[in-house]
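J.: Here's my sequence, what's the structure:
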Amino acid sequence: MVTRPAASPIPSESPLPLREGARGRGLHASACEESLSSAASGSARLAPWSAQAETTPSPYPPPAGGGGTQKEAAEELRQRAWNAASTVVDPEIPVLTIADLGILRDVAVHDGRVEVAITPTYSGCPAMSMIGLEIELALEQAGIAGARVRTVLSPAWTTAWMTAEGRRKLAEYGVVPPQEGGGRRALFGEDTLPCPRCGSVHTERLSEFGSTSCKALWRCTDCREPFDYFKCH
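T.: Sure thing, here's the model as predicted:
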């Protein structure tokens with residue numbers, strides 16, 4: 001028969017030192033109090049840093065989408081569209097752009113979509129369809145897709161919308177630009193135009209309509225050369 005050794009007696013007092021006030025409540029309660037005390041003191045030490053974090057501005061910019069940012073983006077898009085559309089030339093007078101002629105009236109942005117307004121030199125101008133297609137192509141090449149081109153008939157186009165640069169290009173091209181004060185007097189043959197080739201003022205009108213409806217056909221009686229006159233509207 002095997003005999004087991006007797007168990008060692010448990011001392012009446014714990015050899016672990018306990019803080020004053022902890023005896024009778026147990027080690028667990030004392031440890032909890034110390035943990036809570038340490039957390040409270042740690043929070044007090046971190047409080048100033050938290051306050052500083054609240055007042056320190058963020059180094060990152062705010063997200064896009066504010067009112068000012070949207071307006072700036074729309075204006076930048078509008079300017080890009082205008083620059084692209086203004087490079088389109090008139091198919092009947094290729095030395096002139098639609099901006100030189102004053103055909104390009106407005107470029108606007110509505111809900112992120114570009115809208116271009118053009119006005120023909122006269123109602124029913126056959127070049128407007130081609131100009132509209134060329135505008136859409138120029139915008140697509142500039143990275144602007146889905147643009148809308150609309151024709152505006154009122155107010156009617158006038159030669160006063162033609163730029164000084166456009167008038168200079170016309171003269172160099174051999175077409176007499178619109179003359180100030182011209183128009184009604186020219187219908188009765190009372191106007192005199194300088195010949196774009198020799199400069200003579202001895203000229204005569206051959207036809208009210210030249211190579212296009214917006215031009216008249218004239219001839220110099222000195223050098224005998226015919227030339228076009230861009231009629232005043």
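J.: What is the host helix or strand of E172 packed up against?
T.: Secondary-structure element containing E172, defined by DSSP states H and E: helix 164-173. With contacts defined as 3 or more C-beta pairs under 8 Å, 6 or more residues apart in numbering; DSSP states H and E, helix 164-173 has these neighbours: helix 98-101. C-beta coordinates here come from the backbone N, C-alpha and C atoms, glycine included.
J.: Residues contacting the helix it packs on, please?
T.: Taking C-beta atoms under 8 Å, 6 or more residues apart in numbering as the criterion, the residues outside helix 98-101 that touch it are 85-86, 88-90, 93, 104, 118, 121, 131, 135, 161-163, 165-166, 169.
J.: got a pLDDT number for the closest residue to V89 other than its chain neighbours?
T.: Closest residue in space to V89, ignoring its immediate chain neighbours: T97 at 5.4 Å, by C-beta to C-beta, 6 or more residues apart in numbering. The confidence metric pLDDT takes the value 97 at T97.
J.: Can you tell me the SS state at E136?
T.: Reducing the assignment to helix, strand or coil with DSSP: H, G, I helix; E, B strand; the rest coil, the entry for E136 is helix.
J.: And it, how close does it get to E76?
T.: Plainly put, E136 is 20 Å away from E76 if you go by C-beta to C-beta, to the nearest Å.
J.: Looking at the two, which is more packed in?
T.: E136 (19 against 11; other C-beta atoms under 10 Å).
J.: Contact partners for that one?
T.: Residues touching E136, when contacts are defined by C-beta under 8 Å, 6+ apart, comprise 147, 149.
J.: one more time with 10 Å
T.: In this structure, E136 makes contact with 85, 88, 116, 144-149, judged by C-beta atoms under 10 Å, 6 or more residues apart in numbering.
J.: do the same with P177
T.: By C-beta under 10 Å, 6+ apart, P177 lies in contact with 159, 162, 164, 166-171, 193, 196, 229-230, 232.
J.: By pLDDT, give me the weakest of the residues you listed.
T.: For the contacts of P177, the pLDDT minimum is C232, 84.
J.: Kindly tell me how buried that residue is, as a neighbour count.
T.: Under the criterion other C-beta under 10 Å, the count of neighbours that C232 has is 20.
J.: Next, it: secondary structure please.
T.: coil.
J.: in stretch 72-80, what counts as buried?
T.: Neighbour-count burial for stretch 72-80, counted by 16 or more other C-beta atoms under 10 Å, picks out 74, 77-78, 80.
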